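Engineer: Okay, structure incoming, though there's no sequence with it:
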């Protein structure tokens with residue numbers, strides 16, 4: 001499997017369409033749920049692309065997009081931190097942090113380590129000290145959260161980003177490992 005990674009620091013129409021297409025394929029079983037519908041994802045993607053430090057990595061095999069991840073920098077007063085269910089520990093938001101907003105791999109490439117490779121490629125270019133993400137603790141019957149734990153993430157809190165979304169576990173780890 002020869003994978004090419006393409007890094008994008010802004011969301012042009014072509015990159016946006018690739019992300020929407022891959023997202024629709026990756027999340028196909030969930031697209032009936034309001035928070036997972038493609039228009040809801042497109043709204044989030046557009047909003048995140050306008051935030052500081054936006055960056056996406058798209059993985060290609062033979063010119064076919066097979067997975068992606070994107071992230072952006074969090075400010076100390078970012079809504080990411082404000083939506084946490086429990087009070088945050090003193091100084092947690094003062095450390096430069098990047099939020100991994102989305103990661104996905106098409107079914108034929110799952111279980112190959114590609115998600116980790118995309119994740120690591122995205123973080124390789126980051127200057128922040130920590131990375132945080134949200135995960136549905138029920139996804140894959142808990143296997144997705146366990147995968148992130150195996151990558152060094154630790155649960156720190158939870159949040160429900162929107163009324164249509166499930167309660168998600170907030171996780172964090174150092175960018176460099």
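Structural biologist: Perfect, I can see it now. Bear in mind the structure is a predicted one, so any value in this text is a computation, not a measurement.
Engineer: Nearest residue to the middle of this structure?
Structural biologist: Geometric centre of the chain, nearest residue: residue 102, 2.3 Å, by Cα atoms, centre = their mean.
Engineer: Name the SS class of that one, please.
Structural biologist: Under the three-state scheme (DSSP: H, G, I helix; E, B strand; the rest coil), residue 102 adopts strand.
Engineer: quick one: contacts for the closest residue to residue 138 other than its chain neighbours?
Structural biologist: Sequence neighbours aside, residue 166 is the residue nearest to residue 138 in space, at 6.9 Å (criterion: Cβ to Cβ, 6 or more residues apart in numbering). Using the backbone N, CA and C atoms, a C-beta is placed for each residue, glycine as well. For residue 166, the contact set (Cβ atoms under 8 Å, 6 or more residues apart in numbering) comprises 35, 136, 138, 160.
Engineer: so what pLDDT did the last one get?
Structural biologist: What that stands for is residue 160. The model reports residue 160 with a pLDDT of 91.
Engineer: Is it in contact with residue 167, as I believe?
Structural biologist: Yes. Contact criterion Cβ atoms under 8 Å: residue 160 and residue 167 qualify, at 4.9 Å.
Engineer: hey, which strand is longest across the chain?
Structural biologist: Determined from DSSP state E, the single longest strand within the chain is strand 64-74.
Engineer: ok, and the closest residue to residue 168 other than its chain neighbours, which helix or strand is that part of?
Structural biologist: The shortest distance from residue 168 to any residue other than its chain neighbours is 4.0 Å, reached at residue 134 (Cβ to Cβ, 6+ apart). Using DSSP states H and E, residue 134 sits in strand 130-135.
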